[in-house]
Structures are given as C-alpha cells and as structure tokens.
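Got a predicted structure here, sequence first:
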Amino acid sequence: MTSEDLILGIDFGGTKVALGLSDRTGTLRATRRLDTDAEAGAEQVVARALAAAVELSSGAQLAAIGVVSPGIVLPDRILLAPNVPGWEELHLAELVSAAFPAVPVTVGTDAKAAALAEWTWGTLTGADPAVFLSLGTGIAAAVLVGGRLLTGANGAAGEIGYNLRTPQDADGFASGAAPLEEAVGGRWLGTRATALLGRPVTAGELFALARENTEAKELVASALDELSMHVANLAIAFDPARIAVGGGLVRSADVLLPALRERLAAAVPFPPELVPARFDQDAALLGAVALALRAE
C-alpha cells in the first residue's frame, strides 16, 4: 500500500446515498450525494450509486471499499431493511464487487459503522465501553467494547427502536412495529407535529418551534422524557464510559442533551459522560471507510 491509496465509502440511506473518497486518516477528499428515490425500488438506487462511485473514483488507486446500509446486511439479503421496495433481497457486497472486481469490499450496518468512525476519529476515542446513539429518522444504538463492535448473535445488538414502551405493549417486532422508534424517531415526531400544528413540520423544525410554541414544547418534552428513560436503561445495562449522540436530531443538542444528562444523573449509578458526536453529517459514510480499514 502507498500513501496514494484511498478508501471508497458508500452510505445507502432511506432518502439519500452518500459517496466519499477518504484517506486513511478519515479525511474525505471527494464526496457526492444522490437522492435515493425509494419509490422506484432498490435496483435503480444501487445502479445509480455504483455508476456515480465509478465516476467519483476514476483515476484513484482504491485500497478498499466500505458499504453501509440500514438493517442487518447479510451476503444474500438485508434484514430489518429500510422501506425501499426490494431492499431486503439485495446481495449488496456481490453487486459492489461486480462494479469493482479487484477491490476488497466490506459491508455493514450504518449505525454500527458510525460508532466505529466516532471511536476511530471522533468523540468516542479511548472510551471503553463506549455507546453511540443515533437519533435521526430512526433510532439505534451501538456498543463498543475494547474498540470492537458488539454485534450480537444475529447482528441486531443495539436495535433499540424495537424496545417495548410499557408492560402493556402487545405490538412489537412480530406485528411489524418498532414501538420506541414510532414514538420518538424523527420521522414519527414530524408526523405527530404536523397533525398537532396543522401544517407540515419536520422533527428539526419541531425542536426549533419548541422554544416558543407551547404545543410543540409539550410534544418535545414528552418525547425526551421517554427517550431519556431508554438511554438511562442502556447506560445501566452496559456501564459505558462515554455516550456520543449523533444523527440529525443532535442539531438540537441544546434541547436534547440537557434532558438526557438530567435523566442519566438521576437514574444511573455511574453516569457516563455524554457528548455530541463529532460527525453529524458524514458519520455513516466515514463509518463505511472505518469498516473497510478495519477489514484490511
């Protein structure tokens, strides 16, 4: 390998695809973004992304490729897949390898990869154990012990969006529900805020409105009460040294983080340090790079 070798990262998301060429220090040299156009199906997303990746990396000496997606990425399918028609049937590693036949390809889950990026270059460096909390359209967590991701027996460790909310919850994964995510995930907060305020509102806009609008403030407070309880339980279970909070909702850190810190201080025997993630925009993309480097 030479200093000219670059890593190609591909982050498939529910609404966008991010591509990046990075050096070994996690510095992105070039990036590109595409709309997912989910309604048109999985095949066209992958085809357009790979064509753009070939163009982006033209002339570069690729050492490795990392690819991440929501869900549990297996060789022949993707479990807990995003709501893109056909995504669960994708052979993602095989498709990428066909476009780049001479380059090693590593695939993984986006939130876990983002955690690895934060541990490698970000605010989780040196923390053991460490937790990455992804709060965006959906909700997920990732745990690192000794710098190694805790994947679980089925790759589903940290899928806290499926947490039950009360002992009376009858609906869970088997019925197609993700109870916690549907209560406090960004997409569902936006839906609830839209119904409450009578106009289209995103989760980010909801947090901004909560500073002056009473109804928005009550909705945000209720969501943070519930979310903070689950984060506290996560901290009790794993006793992390540090939790980094990433995802789109961390842009409202001035509202989000104090609520989480207050619950952690009150409920957890040994409250962990709570910090905003370093990478609020490109965490999963850099995670794809970190996965590729880790696999070498």
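Arrived safely, thanks for sending. Numbering: from 1, shown residues only.

residue ranges with poor pLDDT in the protein?
1-4 (pLDDT under 70).

What segments of it are helices?
Using DSSP state H, the helices of the chain run over residues 42-56, 92-99, 110-121, 179-184, 186-197, 203-209, 214-238, 253-267, 283-295.

Can you redo those helices as a markdown table, where the extra columns are mean neighbour count?
Bear in mind the C-beta positions are built from the backbone N, C-alpha and C, glycine included. Listed next are the helices of the chain as a markdown table, based on neighbours: other Cβ atoms under 10 Å:
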| stretch | mean neighbour count |
| --- | --- |
| helix 42-56 | 17 |
| helix 92-99 | 18 |
| helix 110-121 | 27 |
| helix 179-184 | 21 |
| helix 186-197 | 18 |
| helix 203-209 | 20 |
| helix 214-238 | 18 |
| helix 253-267 | 16 |
| helix 283-295 | 27 |
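
can those helices go into CSV with extra columns for distance to Gly13?
Conversion of these to CSV gives the following (distance: least, Cβ to Cβ, whole Å):
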stretch, distance to Gly13
helix 42-56, 10
helix 92-99, 13
helix 110-121, 7
helix 179-184, 15
helix 186-197, 12
helix 203-209, 16
helix 214-238, 21
helix 253-267, 21
helix 283-295, 7
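
Quick check: which of the ones you listed is nearest to Pro276?
Set against Pro276 and scored by Cβ to Cβ, the helices of the chain come closest in helix 253-267, at 5.1 Å.

How far off centre is that closest one?
On the basis of Cα atoms, centre = their mean, to the nearest Å, helix 253-267 sits 20 Å off its chain's mean C-alpha point.

same deal with stretch 223-236?
Distance, centroid of stretch 223-236 to centroid of chain: 18 Å (Cα atoms, centre = their mean).

now the closest residue to Ala253 other than its chain neighbours: how far from Ala283?
Of all residues not flanking Ala253 in the chain, Pro276 sits nearest, at 5.1 Å (Cβ to Cβ, 6 or more residues apart in numbering). Look at Pro276 and Ala283: by Cβ to Cβ, to the nearest Å, they are 11 Å apart.

residues bridging contact with those two, i.e. touching both?
Gly246 (Cβ atoms under 8 Å, 6 or more residues apart in numbering).

quick one on the thing from earlier: select, out of the helices of the chain, the one closest to Phe173.
Ranking the helices of the chain by proximity to Phe173 (Cβ to Cβ) places helix 179-184 first, at 8.9 Å.

Show residues contacting that closest one.
When contacts are defined by Cβ under 8 Å, 6+ apart, helix 179-184 is touched by residues 138-139, 160-165, 169, 171-172, 188, 223-224, 226-227, 230.

how about 7 Å then?
The contact list for helix 179-184 (Cβ atoms under 7 Å, 6 or more residues apart in numbering) reads 138-139, 160-165, 169, 171-172, 188, 223, 226-227, 230.

Can I get that helix in CSV, CA atoms only?
Provided in CSV are the C-alpha atoms of helix 179-184 (Å, rounded to 0.1, in the frame of the first residue of the first chain):
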residue,chain,number,x,y,z
PRO,A,179,-42.5,0.8,19.3
LEU,A,180,-39.8,3.2,20.6
GLU,A,181,-38.9,4.4,17.1
GLU,A,182,-42.6,5.1,16.3
ALA,A,183,-42.8,7.2,19.5
VAL,A,184,-39.7,9.3,19.4
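
which residue is nearest the middle of this structure?
Ala111 (3.3 Å; Cα atoms, centre = their mean).

Show me the beta-bridge partners of the closest residue to that residue other than its chain neighbours.
Closest residue in space to Ala111, ignoring its immediate chain neighbours: Ala140 at 3.9 Å, by Cβ to Cβ, 6+ apart. Counting by DSSP bridges, Ala140 is bridged to Ser134.

Enumerate every residue touching Ala140.
Ala111, Ser134, Gly158, Glu159, Ile160, Gly161.

among these, which two are most distant?
The largest separation in the contacts of Ala140, counting by Cβ to Cβ, is between Ser134 and Glu159 at 10.7 Å.

Of those two, which one has the most company?
Ser134 (28 against 24; other Cβ atoms under 10 Å).

Could you count how many residues lie near the residue found closest to Ala241 once you drop the neighbours it is linked to in the chain?
Sequence neighbours aside, Ala127 is the residue nearest to Ala241 in space, at 4.4 Å (criterion: Cβ to Cβ, 6+ apart). Using other Cβ under 10 Å, Ala127 is surrounded by 20 other residues.

Number the residues from 595 up from this point.
In the new count, where the first residue is 595, that last one comes out as Ala721.

Thank you kindly, that will do.
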